[in-house]
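>>> Got a predicted model here, sequence first, then my questions.
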Amino acid sequence: MAEHTSSSITIEAAPADVMGVIADFARYPEWTGEVKEAEVLETDGAGRAEKVRLLLDAGAIKDDHTLAYTWTGADEVSWTLVKSQMLRSLDGSYRLAAVGGGDRTEVTYQLTVDVKIPMLGMIKRKAEKVIIDRALAGLKKRVESGA
């Protein structure tokens, strides 16, 4: 069974503002660093992305993959890998919780990655942690800048 890695950060904004940035896939290349292109392939009845193609360049790992998204209420989104060149699996989620009267948000990012090339578990978890920490820092900066 694959182990997951998770981390949390508090953002000085309401959950709806944070989720607005998370759900705006077209703008991911502006703030994520590793995502060079993002294309929404399918949307649900509420207009939220259900399938997204992402072109990733994270140094040693370059990949073109498609993720399927599931939205749970207004405070959680999870994803799973549909297809990839380098990854066997990529499952993750963002969970948001209002704090401080609702004007701040605790964001918990959980990620499980399995690559097609052999990799020690310790190295894989370290890579997951780096991805999560960069994503949370980028999200915080993006939301708090009001961009």
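All right, it came through fine.
>>> Which stretches in this protein count as strands?
Ranges of strands in the chain, per DSSP state E, are 5-11, 35-43, 49-58, 61-72, 76-83, 87-99, 104-115.
>>> any idea how far the last one is from the chain center?
Which is strand 104-115. The chain centroid and the centroid of strand 104-115 are separated by 7 Å under C-alpha atoms, centre = their mean, to the nearest Å.
>>> Which residues does it contact?
Residues outside strand 104-115 that contact it (C-beta atoms under 8 Å, 6 or more residues apart in numbering) are 2-15, 17-18, 61, 86-99, 124, 127-128, 131-132, 135-136, 139-140. C-betas here are computed from N, CA, C, even on glycine.
>>> average pLDDT across stretch 103-113?
Taken as a whole, stretch 103-113 has a mean pLDDT of 92.
>>> Quick check: buried residues in it?
Of all the residues in stretch 103-113, those buried under the rule 16 or more other C-beta atoms under 10 Å are 104-113.
>>> Stretch 57-71 now?
Buried residues in stretch 57-71, defined by neighbour count with 16+ other C-beta under 10 Å: 58, 63, 65, 67-69, 71.
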